[in-house]
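Asks: Please work out how this folds:
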Amino acid sequence: MEEPMEVRMQARMQAQMEELPRFRAAAVQSSPVFLDPAATVDKAVSLLAEAASHGAELVVFPEVFVPGYPYWNWTMNPVQGSPWFERLWRASVDIPGPHVDALRAAARRHGVVVVIGVNERSPRSLGVLYNTLLTIGADGELLGVHRKLVPTWAEKLTWTGGDGSSLKVHPTPVGPLGALACGENTNTLARFTLLAQGELVHAAGYIALPVAPEDYDMADAIAVRTAAHSFEGKVFSVVACSTISPEIVDTVAGDDEDVRRMLARPRSALSGIFGPDGRPVTEPLVDDEGIVYGDIDLAKCIQPKQMHDIVGHYNRFDVFRLHVDDTPRTPVTFTTDPVHRAAAPPPATDDTGTAGAPKEDS
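Replies: Numbering: from 1, shown residues only. Sure thing, here's the model as predicted:
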């Protein structure tokens, strides 16, 4: 009898602990080909190949890289932005689908673990989009489809929230890997849920946010959140942020000079790799396009755990308890599986056509 999936995953993680991986990670800081999913996937495949050629075994891309971020939510009222929502929906990704297949094939071809953000269309509703992070194994297997739990602020005009079923840590050749999107990296309980499953490598996807309040420094905000998770959990974090291309500015701002100036705001993006001491492994990249590389040795997570292990000795599970509902949520639940119901014979009827037990012959 085959062992349950959770048992097999735990065994794979335990085997991995015996020889903690050393590897090179890459954080991609780039802009999509805005609202063009095929061209953006082609760009991602090219960037993945470039990172692999520099020895990267883990490549992390920004939040909703395919096909881009709905900046109009911040620059237009909801009525003005509604046609843009439709445009984004038409350019979004189906899972499974050809765009995901192309990313999986590239990961398999280069033998690289990939985390990448996409706009995901719901298979059940034309009006539902998810902010989704895909985790793809080095063999091309789609390991995880994580839907952002709570869209942030103006993002609620575009995305529907996910559920707890995708808060999973995946065994990969680079170690136990978890991923969260942008503001989720501020959600203490979401982060703890990953750490408590043995996460040692954390992937975080962000978008450049020049539309934030004037006193908000997005680059600093990303660095603070990444350092906090790395230090608290004693893990490595790979954070990838998108950039604002001239194409995005032209598309979203048009002739509005105020919006153009807003989108040109500096210190709106930061990408890099942070260690279990909370410090950057190498100098992060701010605003400019490029790929940040960092060498990771998971054995460096061991000694810091002796000081603070918040999922082990440095906690009081008799005092604190976290319950996570990981039930997948759907719009409707049927008592009988629809496939079996369709194949079942119709109920018996009496001679009036009413359902019930057939009458006996008199």
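
Asks: quick one, strands of the stretch 51-200 of the chain?
Replies: Using DSSP state E, counting those that start in this stretch, the strands found in the stretch 51-200 of the chain span residues 56-60, 113-121, 129-136, 142-147, 170-172, 175-181.

Asks: Quickly run through the sheet partners of the first one, with directions.
Replies: So the one you mean is strand 56-60. Paired with strand 56-60 in the same sheet, following DSSP bridges, are strand 22-29 (parallel), strand 113-121 (parallel).

Asks: and that strand, C-alpha only, in PDB?
Replies: What follows is strand 56-60 as a C-alpha-only set of coordinates in PDB (Å, rounded to 0.1, in the frame of the first residue of the first chain):
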ATOM      1  CA  ALA A  56      22.000  29.200 -10.100                       C
ATOM      2  CA  GLU A  57      20.000  26.200  -8.900                       C
ATOM      3  CA  LEU A  58      17.100  28.400  -7.500                       C
ATOM      4  CA  VAL A  59      15.700  31.300  -9.500                       C
ATOM      5  CA  VAL A  60      13.000  33.500  -8.000                       C
END
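
Asks: okay, the angle between that strand and strand 129-136?
Replies: Here the directions of strand 56-60 and strand 129-136 differ by 170 degrees (axes from the mean of the first three to the mean of the last three C-alpha atoms, to 10 degrees).

Asks: what's in contact with strand 56-60?
Replies: Outside strand 56-60, the residues that touch it by C-beta atoms under 8 Å, 6 or more residues apart in numbering are 23-28, 47-48, 51-52, 111-116, 138, 172-174, 177, 201, 203-205, 238-240, 293, 296. (Each C-beta comes from the backbone N, C-alpha and C, glycine too.)

Asks: hmm, which of those residues are the buried ones?
Replies: 23-28, 47-48, 51-52, 112-116, 138, 172-174, 177, 201, 203-205, 238-240, 293, 296 (16 or more other C-beta atoms under 10 Å).

Asks: elements contacting the helix or strand containing residue 272?
Replies: In this structure, residue 272 sits in strand 270-274 according to DSSP states H and E. Using 3 or more C-beta pairs under 8 Å, 6 or more residues apart in numbering; DSSP states H and E, the elements in contact with strand 270-274 are strand 22-29, helix 218-233, strand 236-241, strand 285-286, strand 290-297.

Asks: Give me the mean pLDDT for it.
Replies: Averaged across strand 270-274, the pLDDT comes to 98.

Asks: what's across from the residue most central in space within the chain in the sheet?
Replies: In the chain, the centroid-proximal residue (C-alpha atoms, centre = their mean) is residue 133; its distance is 2.3 Å. Under the criterion DSSP bridges, residue 133 forms beta bridges with residue 117, residue 146.

Asks: Go through the helices and strands packed on strand 270-274 and name the closest to residue 311.
Replies: Residue 311 sits nearest to helix 218-233 of all those, at 7.7 Å, using C-beta to C-beta.

Asks: I'd like the helices and strands packed on strand 270-274 laid out as JSON lines, including distance to residue 263.
Replies: Formatted as JSON lines, the helices and strands packed on strand 270-274 follow (distance: least, C-beta to C-beta, whole Å):
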{"stretch": "strand 22-29", "distance to residue 263": "16"}
{"stretch": "helix 218-233", "distance to residue 263": "13"}
{"stretch": "strand 236-241", "distance to residue 263": "15"}
{"stretch": "strand 285-286", "distance to residue 263": "16"}
{"stretch": "strand 290-297", "distance to residue 263": "20"}
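
Asks: Tell me which of those is the most buried.
Replies: Comparing the helices and strands packed on strand 270-274 by mean neighbour count (mean count of other C-beta atoms under 10 Å), strand 236-241 comes out on top with a mean of 30.

Asks: what packs against that one?
Replies: Strand 236-241 packs on strand 22-29, strand 56-60, strand 201-206, helix 218-233, strand 270-274, going by 3+ C-beta pairs under 8 Å, 6+ apart.

Asks: Just the CA atoms of that strand, as CSV, please.
Replies: Extracted in CSV, the C-alpha atoms of strand 236-241 (Å, rounded to 0.1, in the frame of the first residue of the first chain):
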residue,chain,number,x,y,z
PHE,A,236,17.8,32.1,4.0
SER,A,237,15.4,34.4,2.0
VAL,A,238,15.5,35.1,-1.7
VAL,A,239,13.5,38.2,-2.6
ALA,A,240,12.7,39.2,-6.1
CYS,A,241,11.0,42.5,-7.1
